[in-house]
Each structure stands twice: as C-alpha cells, then as structure tokens.
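**Q** Have a look; sequence and predicted model below, questions after that.
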Amino acid sequence: MADVFTVLAADHAKVKAMLTELEHGPAKATGASQNQLDARTRIVQALIIEESRHEAVEEMYFWPAVREHHAAGSTLADEAIAQEREAKHVLAELDKLDADDARFEALLGTFIRAARAHIEFEETQVWPGLHAVLPAETAEELGRKIADGKKTAPNRPHPHMPPSPGVLKAAGPAVAAADKARDAVTGRVAS
C-alpha cells in the first residue's frame, strides 16, 4: 500500500487535472454549446465528489496525524480545515447549479483559486515537515486508512458538519449512504 503522501498526491493530481480542464474548457460566456455545458456540469459534479471524499478522510485521519506529529501541527491543521470549510460552502452552492447558470462560473472561479492555494499549502507548508518526522509505518497506515476511508466517505460537501474525526468516523458512513440515496433519486453518478 502507498504511504499517505503518495495517496494524497494522487488525489491532488486528479483534482488539478479537473481544475485545468475546467479552466480551459468552453463556458457559457465563450459560446459553449448545450452539450459542452452539460459536460462541464458533469466535470464539476465529479470534482465535488472527489473533493468531498478527499476532505472528509483528511479530516478523519490526516489532520489528526499532523496535529500529533508536526511541531506546528495544530496551527497548520486549523488553517487547512478553515480553508476546507470555505471550499465546502462554495462546493455546496456549485452542487445546486448547472453550467448555464449565471452564478456558476463565478463560484467555480472562486473554488479553483482556493483549491489551488489549498493544495499548495498542503504540499509546501504541511507535507515537508510531516514527512521529516512521520515514521514510515505510520505513513503507510495513514495511506491505507485514507484510501479505504474514501470508499465510505460522503460524496457531497457538508459544510455544517463539524470537522471532528470522531463525528466524521461515526456519522460519515450514514451521511455517505444518504448521499448515495440522493444520487440514486437525482440520477447523479458517483464513481
């Protein structure tokens, strides 16, 4: 199994690819066809699913490890969780919109800027210090927990759910089940 840094880097790469596709893809303002707008909406839905799962497992496993092992862990985790909470609010709004909605592109732009800044924060401010002090066995265990946790993590943003590891571990599977039921009713496809 890959260590935590490898697992999170793969998530980040997937998200960065979606962000780039959205930045360069056709939008309503640039004359996109309805098919292109529908595709854009689907990409954003995939991004919302990926980000929701990723942030949930980080809050369950990664940020507690940062707090425990990194000298500045509490400060770094608090800042990252605040960034994630803001992103969840934006994603929750985006989740209600289609690409032809007037607010869609403004919200998407806000999210893209915030997501890029958050990823850079994690990769440059958090990872180096944690990597230096995290035992290899712990890094492997965290990688496994995060990879496994994504399978049962919520696939929608829940900005009002406390980012407490205990709450997320207890309520997360039930919330994820409700998300999946809602997806079944609405026809939203989660990978």
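**A** Arrived safely, thanks for sending.
**Q** Give the full set of residues in contact with the nearest residue to residue 92 once chain neighbours are set aside.
**A** Of all residues not flanking residue 92 in the chain, residue 157 sits nearest, at 4.6 Å (CB to CB, 6 or more residues apart in numbering). In short, each C-beta sits where N, CA and C put it, glycine included. Contacts of residue 157 were listed using CB atoms under 8 Å, 6 or more residues apart in numbering, and they are 48, 51, 52, 55, 87, 88, 89, 91, 92, 95.
**Q** please redo it, this time with the cut-off set to 6 Å
**A** 52, 88, 91, 92 (CB atoms under 6 Å, 6 or more residues apart in numbering).
**Q** and the helix or strand encompassing residue 79, what does it pack onto?
**A** Remark: residue 79 resides in helix 73-94, with elements defined by DSSP states H and E. Packing contacts for helix 73-94, counted by 3 or more CB pairs under 6 Å, 6 or more residues apart in numbering; DSSP states H and E, involve helix 34-57, helix 63-69, helix 104-121.
**Q** Turn these into JSON lines, including mean neighbour count and distance to residue 14.
**A** Output for the helices and strands packed on helix 73-94, formatted as JSON lines (neighbours: other CB atoms under 10 Å; distance: least, CB to CB, whole Å):
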{"stretch": "helix 34-57", "mean neighbour count": "20", "distance to residue 14": "6"}
{"stretch": "helix 63-69", "mean neighbour count": "19", "distance to residue 14": "20"}
{"stretch": "helix 104-121", "mean neighbour count": "17", "distance to residue 14": "11"}
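**Q** want to try CSV for these, with mean pLDDT and distance to residue 25 as columns?
**A** Formatted as CSV, those follow (pLDDT from 0 to 100; distance: least, CB to CB, whole Å):
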stretch, mean pLDDT, distance to residue 25
helix 34-57, 93, 6
helix 63-69, 96, 32
helix 104-121, 96, 10
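**Q** Next, format those helices as CSV and append distance to residue 141.
**A** Below are these laid out as CSV (distance: least, CB to CB, whole Å):
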stretch, distance to residue 141
helix 34-57, 13
helix 63-69, 9
helix 104-121, 23
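**Q** So which of those is nearest residue 136?
**A** Closest to residue 136 of these is helix 63-69 (CB to CB; 12.5 Å).
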